[in-house]
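Student: give me a model of this one.
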Amino acid sequence: MDHPVLTGLMEILLVEDNLEDARLTMQALKQKDVRCRVHLVCDGDEAWDFLHTKGVFARAPLPDLILLDMELPKRSGSGVLSDIRADPRLQNIPVIVLTASAVHKAALLAQNLHVDGFMTKPVSWEQFVAVVKSLRKSWLETLVLPAAH
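Tutor: From the prediction side, this is the model:
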C-alpha cells in the first residue's frame, strides 16, 4: 500500500453530525494544495462501522487521518476515540478533535486519551493545512524507505 505522503492523496474520515459544520470543513479541505478524499459519517456508531468495515462501509479504506467531533449522537466522540486507541489496527491513526469548547480538551486529557491535535469549529483551511503539514513532516521523519541498489 502506498503511503499518503508519497501518493499525495490522503484518506480522511470526518466524523461530524452537524451538516453545516461538515460542509464548512469539507470546503476548507478543498482549498489550496491539500489532496484528499473525505469520507463523512454523522454519528459515533457510523464511525465505528466505517473503521471496522461493517455493513455499508464494507469497502471503506483505512483513514490516514480522523477529524472527530466530540458532540455526537449514539456514541460520543470520546467513546469513539477511546475505541480507536484501544484497537491495535487503529491506534496509530492521527486523530484531530474538532471542538468549539476548551472543556473537551480538558476532559480528553483527564481521560488520558491521546489526541494528535485540536481544531476549533468552523475549521479554516489555514488551521487544517498547518495540521496536515505537521503530520506530513512526522510521517516523512518516521518513514523508512528501502536502500537504493
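Student: next secondary structure after the helix or strand of the chain with the lowest mean pLDDT?
Tutor: Lowest mean confidence among the helices and strands of the chain (mean pLDDT, DSSP states H and E): helix 4-7, at a mean of 46. From helix 4-7 onward toward the C-terminus, using DSSP states H and E, the following helix or strand is strand 10-15.
Student: strands paired with that next one, and their directions?
Tutor: Using DSSP bridges, strand 10-15 pairs in its sheet with strand 36-41 (parallel), strand 65-69 (parallel).
Student: pick the most buried one from those.
Tutor: strand 65-69 (a mean of 24; mean count of other Cβ atoms under 10 Å). (Glycine included, C-beta is placed from N, CA and C.)
Student: so which bits of the helix or strand following that one are buried?
Tutor: Downstream of strand 65-69, the next assigned helix or strand under DSSP H and E is helix 77-86. Neighbour counts using 16 or more other Cβ atoms under 10 Å place 77, 78, 79, 80, 81, 82, 83, 84, 85 of helix 77-86 among the buried residues.
Student: checking the nearest residue to the last one once chain neighbours are set aside next. Helix, strand or coil?
Tutor: This means residue 85. Of all residues not flanking residue 85 in the chain, residue 91 sits nearest, at 5.2 Å (Cβ to Cβ, 6 or more residues apart in numbering). Classification of residue 91 into helix, strand or coil gives coil, according to DSSP: H, G, I helix; E, B strand; the rest coil.
Student: and the residue lying closest to residue 40 once chain neighbours are set aside, how close does it get to residue 24?
Tutor: The shortest distance from residue 40 to any non-neighbouring residue, by Cβ to Cβ, 6+ apart, is to residue 14 (4.9 Å). Between residue 14 and residue 24 the computed distance is 11 Å (Cβ to Cβ, to the nearest Å).
Student: check the secondary structure at residue 118 for me.
Tutor: Under the three-state scheme (three-state DSSP), residue 118 adopts strand.
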